[in-house]
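K.L.:
here is the input, now give the coordinates:
(one chain, ligands or ions: 1)
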Amino acid sequence: MYTTPRNISVLITRLIVPGLLILPFIGCEEKATGPDESEFPEKLAPYETFYDATTFKNKRDDLIDQIPDDAIVVVTTNDIYLRNGDVDYDFRPASTFFYLTGFEEPNAVAVIRKKGLAIDESELVMFVEERDARYIQWLGPVYGPEGVVGYFGADSAYEYGQFGSLIGSYLAGGAYQSVYANLEANQDVADAFYSAVADTPEVVSVDPIVDELRVIKSAIEISSIQKAVDVSVQAFTEAMEAIEPGMYEYEVEALFDYILRLNGCSRPAFPTMVASGANINTLHYDANQGQMSDGDLVLIDFGAEYGYYAADITRTLPVNGTYSPEQATIYEIVLEVHQTALDMAAPGVSYYGLYVFGRDMMLDRLLEKGIISGNKADILASGTFRQYIPAGLAHPVGLDPHDPFPPEESGDKILKENMVLAFEPHIYLYAGDPTVDEDYWNVSARI
Ligand SMILES: [Mn+2]
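P.N.:
Okay, the predicted model is just below:
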């Protein structure tokens, strides 16, 4: 473990005060020893296989249509977060920022100026890391302002530290009446903004507008999700062959990590859950430390991330390869609901209607078979159905594993063409629950 990279990255990424980047080695000779930036490779064109700048310009144009003429948009990406010592968490761009720019480096701001009083044509101005030799030496090539104009469709671009002074000049003299922004994503950018802008116009969250745009996926987004799904399915297929009594949950997780990296996916879209035995009852279990026993079920919730788009797949498998009669009964109820809900899902269908249908079908089956006691009206009225069915039936998937929902229309959410949803019906039957037949204690399934 080196300490110098940390010092460099701390200096470069954190010592930013509004309008001014304090370069490392202050007080050193102007010409510090070390390679020149021209000695490092240019950064490759971004995603040349499946993205182009037009994809993201279309998203920005959709956003521009949704805001008033006297508005400007400031979108930033999340900060780099310290994990421990000299180690940062793996950087992943904020979803809102990536959605509008396709840009994946930290320390970046996009300003979208809508045509109107101030300018004749809408434009994108970006603030990004400069191609500084010492930054590149430790952290690798960056696009720099020139690359952002060349590859990402920015009309102009500046070094990141200039954001404060430029946003101050854009907003001077009341040129814009409102600012749409996600300043909460990055405290440095928020501080630079508020220090630079003397008479701050109203700052409105841009997230609700972008969230609504994100509901309907473009063809290129769907193909990224499909790739993440295909890789995830391959990982599940391999896991089904490998799982056997005595294996540890983390060994299954390792298999998933191996398959996704082997197929060009960067990381899981969320912490992989491999829960066997009683661990199955924790909805977001991710310790993955248990040893799997003969007769246990193992619930795996996993999704690869590809091009920042998520898959989200859950299966509940028998560790020894064969479901017990009780496990098979619960699994088949959940599977029936899963398949029926998939058949029903179509543009125009009510999201709540699907949920109620799935929930009621599962309660009906559990009561018919005498697996739970009581009557349906009481179970619904008292809310105790949440003991058995704690979560929803489906949720959107996209840049986030739980992507934004569509806005409500007269109290309901309506499925639309080119939405992408994960359906994951589930039944949980806890040990010790007096309303559950003892033969079914700890028999749970999510698909
Ligand atoms: Mn999910």
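
K.L.:
help me confirm that residue 361 is found in a helix?
P.N.:
Yes: according to DSSP: H, G, I helix; E, B strand; the rest coil, residue 361 belongs to a helix.

K.L.:
with adjacent residues omitted, what lies nearest to the closest residue to the ion within the stretch 101-250 of the chain?
P.N.:
The ion sits closest to residue 232 of the stretch 101-250 of the chain, with a gap of 11.9 Å, by CB to the ion. Backbone N, C-alpha and C define where each C-beta goes, glycine included. Excluding the flanking residues, the one nearest residue 232 by CB to CB, 6 or more residues apart in numbering is residue 311, at 4.3 Å.

K.L.:
tally of neighbours for the one you found?
P.N.:
Counted with other CB atoms under 10 Å, residues neighbouring residue 311 total 29.

K.L.:
isn't it right up against residue 272?
P.N.:
No: using CB atoms under 8 Å, residue 311 makes no contact with residue 272, being 11.7 Å away.

K.L.:
run through the neighbouring helices and strands of the helix or strand encompassing residue 150.
P.N.:
Using DSSP states H and E, residue 150 sits in helix 144-152. Judged by 3 or more CB pairs under 8 Å, 6 or more residues apart in numbering; DSSP states H and E, the packing partners of helix 144-152 are helix 53-66, strand 123-128, strand 156-159.

K.L.:
just the residues contacting the longest one, thanks.
P.N.:
Translated: helix 53-66. Under the criterion CB atoms under 8 Å, 6 or more residues apart in numbering, residues 73, 99-102, 112, 114, 122, 124, 151-153, 206, 209-210, 212-213, 218, 220 lie in contact with helix 53-66.

K.L.:
are any of the residues you listed buried, and if so which?
P.N.:
Neighbour counting with 16 or more other CB atoms under 10 Å marks 73, 99-102, 112, 114, 124, 151-153, 206, 209-210, 212-213, 220 as buried within these.

K.L.:
near the ion, which residues of the stretch 201-350 of the chain are found?
P.N.:
Within the stretch 201-350 of the chain, the residues that sit near the ion (CB under 5 Å from the ion) are residue 312.

K.L.:
now residue 360: closest residue in space, sequence neighbours ignored.
P.N.:
residue 376 (7.5 Å).

K.L.:
residue contacts, that neighbour?
P.N.:
Per CB under 8 Å, 6+ apart, neighbours of residue 376: 360, 363, 364, 367.

K.L.:
what of residue 416?
P.N.:
215, 216, 347, 406.

K.L.:
in a strand, residue 246, correct?
P.N.:
No: the assignment for residue 246, made by three-state DSSP, is coil rather than a strand.

K.L.:
and the pLDDT at it?
P.N.:
Looking at residue 246, its pLDDT is 98.

K.L.:
right, and it touches residue 291 too?
P.N.:
Yes: counting by CB under 8 Å, residue 246 does reach residue 291; the two are 6.6 Å apart.

K.L.:
pick out whichever of those two has more residues nearby.
P.N.:
Each of residue 246 and residue 291 has its neighbours counted (other CB under 10 Å); residue 291 has more, 15 against 10.

K.L.:
for the helices and strands packed on helix 144-152, give me CSV that also has mean pLDDT and distance to residue 352.
P.N.:
As requested, the helices and strands packed on helix 144-152 are exported to CSV (pLDDT from 0 to 100; distance: least, CB to CB, whole Å):
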stretch, mean pLDDT, distance to residue 352
helix 53-66, 93, 26
strand 123-128, 97, 38
strand 156-159, 98, 45
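
K.L.:
next up, the contacts around residue 149.
P.N.:
Residue 149 sits in contact with 155, 156, 157, where contact means CB under 8 Å, 6+ apart.

K.L.:
run the last query once more with 6 Å
P.N.:
residue 157 (CB atoms under 6 Å, 6 or more residues apart in numbering).

K.L.:
from the contacts of residue 416, which two are the most distant?
P.N.:
215 and 347 (12.4 Å; CB to CB).

K.L.:
what's the first-to-last distance across stretch 275-289?
P.N.:
9 Å (CA to CA, to the nearest Å).

K.L.:
any idea how far it is from the chain center?
P.N.:
Computed by CA atoms, centre = their mean, to the nearest Å, the separation of stretch 275-289 from the middle of its chain amounts to 22 Å.
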